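1. would you be able to build a 3D model of this:
(chains A and B)
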2 protein chains.
Amino acid sequence: MSFTYLTNVPLAQAKADYLAALLDRGFAAKTETIPVRASFGRLTAQAVYANINAPHYAASAMDGVALRAKDTFGATETTPVTLAPEQFTVVDTGDPIPPDCDAVVMVEDVVQNDDESITLHAVAAPWQHIRQIGEDICAGEMILPSFTEITPAAIGAMIAGGVQALEVVKKPVVGIIPTGDEIVPPCADPKPGDILEFNSSIFSAMLQSWGAEPKVYPIVKDDFDLICAALAEAAGECDMVLLNAGSSAGREDYSAEAIRRLGEVLCHGIAIKPGKPAILGMKGEKPILGVPGYPVSGIIVIEELLRPLIDAWYGAGQAERPAVDAVLTRPVVSGLKYQEFVRVRMGYVGDRLTASPLPRGSGVVSSFMKADGMAVIPQGTEGCAAGETVRVTLLRPEQKLRNTLVVIGSHDPLMDELANLVHRADRSMFLSSAHVGSMGGIMAVRRGEAHAAGIHLLDTETGEYNKTYLRKYFPNGGVHLVRCVGRRQGLMLQKGNPFGVRKFGDIMKDNLRYVNRQKGSGTRILMDYLCVKDGVDPARVYGYEREEMTHNSVAVQIAGDSADAGMGIYSTAKLYDLDFLPICDEEYDVLIPDSAWDTPLIRRLIETLQSDAFRERIEAMGGYTLDRPGEEIFWQE
Amino acid sequence: MSFTYLTNVPLAQAKADYLAALLDRGFAAKTETIPVRASFGRLTAQAVYANINAPHYAASAMDGVALRAKDTFGATETTPVTLAPEQFTVVDTGDPIPPDCDAVVMVEDVVQNDDESITLHAVAAPWQHIRQIGEDICAGEMILPSFTEITPAAIGAMIAGGVQALEVVKKPVVGIIPTGDEIVPPCADPKPGDILEFNSSIFSAMLQSWGAEPKVYPIVKDDFDLICAALAEAAGECDMVLLNAGSSAGREDYSAEAIRRLGEVLCHGIAIKPGKPAILGMKGEKPILGVPGYPVSGIIVIEELLRPLIDAWYGAGQAERPAVDAVLTRPVVSGLKYQEFVRVRMGYVGDRLTASPLPRGSGVVSSFMKADGMAVIPQGTEGCAAGETVRVTLLRPEQKLRNTLVVIGSHDPLMDELANLVHRADRSMFLSSAHVGSMGGIMAVRRGEAHAAGIHLLDTETGEYNKTYLRKYFPNGGVHLVRCVGRRQGLMLQKGNPFGVRKFGDIMKDNLRYVNRQKGSGTRILMDYLCVKDGVDPARVYGYEREEMTHNSVAVQIAGDSADAGMGIYSTAKLYDLDFLPICDEEYDVLIPDSAWDTPLIRRLIETLQSDAFRERIEAMGGYTLDRPGEEIFWQE
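-> Have a look, this model is predicted:
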């Protein structure tokens, strides 16, 4: 095992040096000639001039008769003028004006006589009701300047001006080469160790949205010569190349060496996180970017290092993405050495815009999908405290954030179903849920970070759910509790119950691998209560310290044979086809602060809880009871 | 000639009634299943659930060795533990964890012994450095709710979750049927009376930008049976149909009747201008919209009446376009009966955003192309006065308006060349020019509506250009004059000079058709001065009242044989291959108010005037002299 040591170049410097080096080697946009009809949204490469006049002939602007204005001179109400048939021509709107005619009289002002002549009672002014040649566009006139985005009306103007093809800035073709022995094409039944190749699909979509044309090459094995060959092919065919994965400094990381063999490497290692092992390379004037394999690292490297090159290709300044100030809900610890990009969920609770850090693992592509924004922690700082205001680049429109119901609390898959139903009922509304456990939900509501929280907290003294906790944590009131569902809790077990678990205490059995929920979750509180009640010593439960954040992720460990038992709800056991030992029925309710109570978002949530669609979905999931969901059951002023 | 009388339904009512009638007949989005890889930007039709876990196996998060955590219990710096080769497995990042292993120790913490065993100096915690199954996405979890736009990261998440195809809202297919005997496909050499068919290209681009898929049918002649057949075909194949032209009430306007034969007509005639003769029809649940033939009418009808249906198809509320308040620079007279859409050019001069009405002819597609915004004059008002503040829907980003140099004044084709060169030099800057004549330019600067004005105004007493006028119209100063070009003025004449024009007075010749410039233009002032000086009686000049707004449009009338002579500059005569009788050389300069003087836009303009690129272009155009362009030649404090 050998290591290359990476450099740690600050991002801004890396960007500037990369572009400067490429420009120095002749980096510039190419152009192409395309039909006008297919040019919508493209950028002109040269000024476009009209070839013909529009209209290209003098045309009648009215239905009526064309004539010589001179022939009507002297006509009045009392001294009308009569014209013989050869002195006028009947014209419709748009018809060409016959030679020698220079005026049109509207049909309403013409008296037709029996002998085919017409009589007029007013003088026609020369050129009246005639659309002059070139009224819209004159031949030779500039229709569009250089580097102008082509609009629908511009297409019309070009065609009207007799232009049928024009020179536009070519979309840069960006080759994407996925590499790695373990990488396989997308499928629904990968073998253990297989990694589905989805980076190229993500990158392709990003490139399209920036006006580039992606070209995805077949997956290349971790073989130096094969990688070199693929790189040479792509560099020959494309304007820019992304060599995906193999950019860190591990034992099979040939990327930097392969780029060096083909062209040159400007630097390997940027002071950003995630994304550090990026390689800025080139072959002549063509950028060859080594992109880390983890999807989130790759996304950030492409956004920060490739996008500026595409902007430069189009000659645009770097696109300014909208950014806002938001209050961090949890601290973010960051290394002094790196500029760190932290995906955040955002929400407007009252007037405050909050930003909650999402999981930072660079393999977690779903966190990028869920992110509303990206907080940037500058290099040289150690992070930010909870409550600190940070600058966040928005990934979604601010308007959408204002219409998003922020639910933070206990996990239940029904929250996703609620999100779906709320949005189906009103497409302008969104529900965003984060799973931090019931106690986390109570704290989020107390801190003003959530519009609602799902909670199921047992008062072990009285057997009452939730209300005791509200009295304790909201002594001054200001909260509402809305009934949601009853749900069955128990032990989720491997199919067939190989350990013969019959009661809660059986989780201490030898070799049984337990998987727990995180501290503060209602399910963990229940678990710890059951331990005390049934005399179970946590030290004798193998895996007691192993914590998962959701019912689903507990079930998945059991279904995937990396654990044997864990507490969870019936609907989840059913979803993963696990055995289930019922232990108790609990009340899962929704906590709502006064400040959010009388808002359209909460009204919509309550209507959804009361809807038939919700009932149908919940009944299909199983393990729930519904007893007047959406009813307010507790209110503390 | 017979007339159908159109209705005059207010726009808001027409929109609401149309959608209600269509919904009543079953109007709804269709869906289709497409590959995830091709789904960027599309809208989910159903919630999408993961098929597999991501990761789908427990994977090492580090390069190192996988082992059972239990085997390391008790290991410390002083009491190391040694494991035999069968007790561990070497793993790279991403490798699957072997069965029975439940922890990974990083390679840095492993001591390799000569006998293939390893020694550890610390306990491994169960599950350390292992990426758990489903850490990113759990099988069965909702990845995306219904009616959610698909982002690049969502594509990655779906593929990671084993989803390879999904149901999305189908793009509505909108058939476009161009009709008309005089309509011909785009070409560069139409015959008189031919009208180039460009509406379908404009409409197609608009539809694409709204997420619909245009399908353009061949041009249909004005024949009732042919139109009915085309309509039936399109209504069978498409989700919505646009029947273009033939929607007014003239003699060849079969559209309403054809729609009525196929289905039904809800109303014919909307209280908007332009766009009144629109027909709201349908065949069952499919909208069949009769669209007026004039391009601007068509654009407005489609924007106002079809776009809401596409929004409804996607289930979105009607897209709010950004709107701003702006000060009208000229009065707009509007009929009480109509809601009127007025295209405007906009500009930030100082802090004031101005809106200048563009030509309102509904055949003038270039005016739509040039428009920065659309002022809406409500039904029931008679218009707005100059200086009044109006609400304007923006057609371009506001930022672009802030970076646009507004030049209002005398026409010269060099203004278009300057616009091109300014934008080429700095892509963030734009130059917008309007041609209102030299006096109009002076007035625009006085009223604070322009950053600059091109002027060429002769003081007939002294022979001095421009400065006399500045002293008169800016007695308190506050303006700068910058040298632009010298240019040759004269009479533009038909090729070969058939009338034998030798001197200015020859424009009085019998049968010679003169074409004049508008009052207030420098060229008109020159013309009138020459009339006095050379004893020419305007009453004896046929066409003296015929006014065109630019040198080009005068030249086009002569080149198109609808006039024989007109005053203009040499470069324009040359462009249109006309004969030219030189009369004088004049100074065309640029007037700039103090308020704009020291701004980046004006600095860029002056640099451009001084550039080699400007000199080259001007020399190629001919008829100009350049003497230190860009130099300040007059400054009145």
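
2. going by C-alpha atoms from here, please, whenever you check contacts or count neighbours.
-> Noted.

3. my guess is residue A:458 contacts residue A:439. True?
-> No - look at residue A:458 against residue A:439 with Cα atoms under 8 Å: they stay out of range, at 11.4 Å.

4. who's more crowded, those two?
-> More crowded of residue A:458 and residue A:439, by other Cα atoms under 10 Å in any protein chain shown: residue A:439, with 24 against 21.

5. not counting sequence-adjacent ones, nearest residue to the more buried one?
-> residue A:520 (5.2 Å; Cα to Cα, 6 or more residues apart in numbering or on different chains).

6. correct me, but that neighbour touches residue A:441?
-> No - if you go by Cα under 8 Å, residue A:520 and residue A:441 don't touch, sitting 9.4 Å apart.

7. who has more neighbours, those two?
-> residue A:441 (28 against 17).

8. what residues are up against the more buried one?
-> A:408, A:409, A:410, A:450, A:452, A:453, A:454, A:455 (Cα atoms under 8 Å, 6 or more residues apart in numbering or on different chains).

9. recalculate using a threshold of 7 Å.
-> Shown in contact with residue A:441 (Cα atoms under 7 Å, 6 or more residues apart in numbering or on different chains): A:408, A:409, A:410, A:453, A:454.

10. still on that earlier bit, next, the residue nearest to residue A:439: phi, psi?
-> Dihedral angles of residue A:520 (phi, psi; degrees, to the nearest 10) stand at phi 90, psi -20.

11. any idea how far residue A:59 is from residue A:378?
-> Relative to residue A:59, residue A:378 is positioned 65 Å away (Cα to Cα, to the nearest Å).

12. the two: which has the busier surroundings?
-> Taking neighbours as other Cα under 10 Å, residue A:378 and residue A:59 compare with residue A:59 leading, 24 against 17.

13. got a pLDDT number for that one?
-> Predicted confidence (pLDDT) for residue A:59: 90.

14. the residue nearest to it when sequence neighbours are not counted: what's it in contact with?
-> Leaving aside its sequence neighbours, residue A:59 sits nearest to residue A:96 (Cα to Cα, 6+ apart; 4.4 Å). Residues near residue A:96 by Cα under 7 Å, 6+ apart: A:57, A:58, A:59, A:60, B:192, B:193.

15. closest to residue B:50 out of those residues?
-> Closest to residue B:50 out of the contacts of residue A:96 is residue B:193 (61.0 Å), distances taken as Cα to Cα.

16. hmm, the closest one is touching residue B:181, no?
-> No - distance between residue B:193 and residue B:181: 9.8 Å, which falls outside the contact criterion (Cα atoms under 7 Å).

17. which one's more surrounded, those two?
-> Using other Cα under 10 Å as the criterion, residue B:193 and residue B:181 rank with residue B:193 on top: 20 against 14.

18. list the contacts of the more buried one.
-> A:95, A:96, B:182.

19. let me have the residues you listed in CSV, extended by pLDDT and distance to residue B:551.
-> Converted to CSV, the contacts of residue B:193 look like this (pLDDT from 0 to 100; distance: Cα to Cα, whole Å):
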residue, pLDDT, distance to residue B:551
A:95, 88, 26
A:96, 92, 23
B:182, 89, 30
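
20. a markdown table for these, including distance to residue B:547?
-> Below are the contacts of residue B:193 laid out as a markdown table (distance: Cα to Cα, whole Å):
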| residue | distance to residue B:547 |
| --- | --- |
| A:95 | 22 |
| A:96 | 20 |
| B:182 | 28 |
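
21. residue boundaries of the strands in the stretch 351-500 of chain A?
-> A:352-357, A:373-377, A:383-384, A:389-394, A:404-409, A:430-435, A:453-455, A:479-493 (DSSP state E, counting those that start in this stretch).

22. winner for burial among those strands?
-> strand A:453-455 (a mean of 30; mean count of other Cα atoms under 10 Å in any protein chain shown).

23. distance from it to the middle of the chain?
-> Its chain's C-alpha centre and that of strand A:453-455 lie 27 Å apart, by Cα atoms, centre = their mean, to the nearest Å.

24. repeat for stretch A:613-627
-> 31 Å.

25. which parts of it are buried?
-> Neighbour counts over stretch A:613-627 (16 or more other Cα atoms under 10 Å in any protein chain shown) mark A:614, A:615, A:618, A:621, A:622, A:623, A:624, A:625 as buried.

26. hmm, who's touching that stretch?
-> Under Cα under 7 Å, 6+ apart, the answer for stretch A:613-627 is A:485, A:486, A:487, A:488, A:570, A:571, A:608.

27. any chance of a markdown table for those, columns distance to chain B?
-> Listed next are the contacts of stretch A:613-627 as a markdown table, based on distance: Cα to the nearest Cα, whole Å:
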| residue | distance to chain B |
| --- | --- |
| A:485 | 19 |
| A:486 | 21 |
| A:487 | 18 |
| A:488 | 19 |
| A:570 | 14 |
| A:571 | 11 |
| A:608 | 15 |
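
28. and the residue nearest to residue A:536 when sequence neighbours are not counted, helix, strand or coil?
-> Using Cα to Cα, 6+ apart and skipping residues adjacent in sequence, the residue nearest residue A:536 is residue A:505, 5.9 Å away. Secondary structure state of residue A:505, per DSSP: H, G, I helix; E, B strand; the rest coil, is helix.

29. circling back: quick check, nearest of the contacts of residue A:441 to residue A:294?
-> When these are compared against residue A:294 (criterion: Cα to Cα), the nearest one is residue A:408, at 28.0 Å.

30. that closest one contacts residue A:433, correct?
-> Yes - contact criterion Cα under 7 Å: residue A:408 and residue A:433 qualify, at 5.6 Å.

31. mean pLDDT added to the strands of the stretch 351-500 of chain A, as TSV?
-> Shown next, in TSV, are the strands of the stretch 351-500 of chain A (pLDDT from 0 to 100):
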stretch	mean pLDDT
strand A:352-357	92
strand A:373-377	94
strand A:383-384	90
strand A:389-394	94
strand A:404-409	95
strand A:430-435	92
strand A:453-455	97
strand A:479-493	97
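
32. tabulate these (a markdown table), appending distance to residue B:586.
-> Formatted as a markdown table, the strands of the stretch 351-500 of chain A follow (distance: least, Cα to Cα, whole Å):
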| stretch | distance to residue B:586 |
| --- | --- |
| strand A:352-357 | 62 |
| strand A:373-377 | 59 |
| strand A:383-384 | 67 |
| strand A:389-394 | 55 |
| strand A:404-409 | 65 |
| strand A:430-435 | 66 |
| strand A:453-455 | 78 |
| strand A:479-493 | 81 |
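
33. for residue B:389, find the nearest of the ones you listed.
-> strand A:389-394 (33.2 Å).

34. quick check, nearest of the buried residues of stretch A:613-627 to chain B?
-> residue A:621 (11.4 Å; Cα to the nearest Cα).

35. that closest one and residue A:571, how far apart?
-> 6 Å.

36. ditto for residue A:292
-> For residue A:292, the distance to residue A:571 - Cα to Cα - is 38 Å.

37. is residue A:128 in a helix, a strand, or coil?
-> coil.

38. ok, residue A:205 - how many residues close by?
-> Counted by other Cα under 10 Å, the residues lying close to residue A:205 total 24.

39. let me see the contact set for the residue nearest to it when sequence neighbours are not counted.
-> Counting by Cα to Cα, 6+ apart, residue A:205 lies nearest to residue B:152, which is 5.3 Å off, once chain neighbours are set aside. Neighbouring residues of residue B:152 by Cα under 7 Å, 6+ apart: A:202, A:205, A:206, B:40.

40. how is chain A divided into domains?
-> Following the assignment in automatic domain parsing, chain A carries domains at A:11-28+A:172-313, A:31-54+A:136-169, A:59-131, A:323-394, A:422-636.

41. chain B contacts on the stretch 1-150 of chain A?
-> With Cα under 7 Å from any Cα of the partner chain as the criterion, the stretch 1-150 of chain A meets chain B at residues A:37, A:40, A:47, A:52, A:57, A:95-96, A:133-134, A:136-138, A:140, A:142, A:145-146.
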